[in-house]
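show me the folded form of this:
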Amino acid sequence: MQADEAASHVSLWSGRQVRISALSGGLTNENYLVEVEGARYVMRLPGQSTELLSIDRENEVYNTKAAATTGIGPQVLEHVAGLDVMVLEFIPGPTMSAQSLKAAEMPARMAQSFHRLHSAPRFLQDFNMFRLIESYLRIVEDHQVTIPSDYRKWLPAVRDIEGAVGLAALPATPCHNDLLCENFIDDGTALRIVDYELSGNNDPCFDLGNTAQEAEFGQELRAALCEAYFGRRDPRQLARMNLFALMSDVGWTLWGAIQAKISAVDFDFVGYYTGRWERALRVLGSPDLRRWMTEAANLT
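From the prediction side, this is the model:
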């Protein structure tokens, strides 16, 4: 669907002059800045065949509205039923990057945003990366998607990791689950969080580990984020963060492979999923994996 056509269905600016320009960054959706008589909005259009990525648009809209109640997510100003077009609050401020999130004050600010997001009203559906991997593998089979040749060899290790993170599992809270650096926007007061298409109730440590991986945090910054979130040093939860960081690479490898097959977006998805898998393999084959699993299972 073209942006002009989508905009014509939005009642918020019906009969008014609109100016539409593309926003960069979306890999599964199309995002547009819509300017109407001095006001700015974000219009979000669904991407092609995104149901194959286990994206549920009803879940996305529901959870975006729930996240907005915390002041961390953007307000949903209109949802065009049947077209899955959302009009969202425009959040002024710089979009974050891996470099900007490495600033000394950022782990504490990120933790504050997570605390607010994780206290949102319960999301519509749950999210579990281990189940999502199983779902993605079925899609890989059904649609003859090319994945790394050694991917399935490591599935026993994935099962072991699931067991390790489950031993000290935290109560599921509303989580984002796909925290690219660009999903943080600094409005000058808080780090706002956008894009809830893969959101769901999950272990909070997944959000912490996933975003640490996306921001390419070393162990010092990961420990700082963990301490800021939990209010104390917690080696066990830090180990779980590290395991979830690894699992975000393992899971999003399949996401990238499926996107390489179905997406109309001009993006190097093959390079994306290959890079993800190579990074995952470096951890899967390292002594860190066994150490983190031992620390995650530490009952003392």
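
for the stretch 1-150 of the chain, what spans make up the strands?
Along the stretch 1-150 of the chain, the stretches classed as strands by DSSP state E, counting those that start in this stretch are 19-23, 29-36, 39-46, 76-80, 85-89.

so which of those is the most packed in?
strand 85-89 (a mean of 22; mean count of other Cβ atoms under 10 Å). Just so you know, the C-beta spots here come from the backbone N, C-alpha and C atoms, and that holds for glycine as well.

how far away from the center of its chain is that strand?
With Cα atoms, centre = their mean, to the nearest Å as the basis, strand 85-89 stands 18 Å off its chain's centre.

which parts of the stretch 201-300 of the chain are helices?
Ranges of helices within the stretch 201-300 of the chain are 204-214, 219-230, 235-262, 269-284, 287-296, based on DSSP state H, counting those that start in this stretch.

what's the average pLDDT for the first one?
Right, helix 204-214. Taken as a whole, helix 204-214 has an average pLDDT of 98.

for that helix, buried residues please.
Judged by neighbour count (16 or more other Cβ atoms under 10 Å), helix 204-214 contains these buried residues: 204, 205, 206, 207, 208, 209, 210, 211, 212, 213, 214.

what's the answer for the second one, then?
Along helix 219-230, the positions that meet the burial threshold by neighbour count (16+ other Cβ under 10 Å) are 221, 222, 223, 224, 225, 226, 227, 228, 229, 230.

closest to residue 138 out of the residues you listed?
residue 222 (32.3 Å; Cβ to Cβ).

was I right about that closest one contacting residue 241?
Yes - counting by Cβ atoms under 8 Å, residue 222 does reach residue 241; the two are 6.2 Å apart.

which neighbours do these two share?
Taking Cβ atoms under 8 Å, 6 or more residues apart in numbering as the contact rule, residue 222 and residue 241 both touch 209, 212.

what separation do you get for the spatially most central residue of the chain and residue 11?
The centroid of the chain falls nearest to residue 178 when counting by Cα atoms, centre = their mean (0.8 Å). As judged by Cβ to Cβ, to the nearest Å, residue 178 and residue 11 stand 29 Å apart.

likewise residue 193?
Separation of residue 193 from residue 11 (Cβ to Cβ): 27 Å.

excluding its backbone neighbours, what's nearest residue 21?
Distances taken as Cβ to Cβ, 6 or more residues apart in numbering put residue 33 closest to residue 21, at 5.0 Å, once the chain neighbours are dropped.

okay, and the beta partners of the one you found?
Residue 33 has these beta-bridge partners by DSSP bridges: residue 21, residue 42.

tell me the confidence at it?
pLDDT recorded at residue 33 is 95.

quick one: it and residue 40 touch, right?
Yes - between residue 33 and residue 40 there is a contact at 6.3 Å, judged by Cβ under 8 Å.

list the residues that contact both of those two?
Residues touching both residue 33 and residue 40 (Cβ under 8 Å, 6+ apart): residue 90.

show me the shaky parts of the protein.
Residue ranges of the chain with pLDDT under 70: 1, 25-28, 47-54, 299-300.
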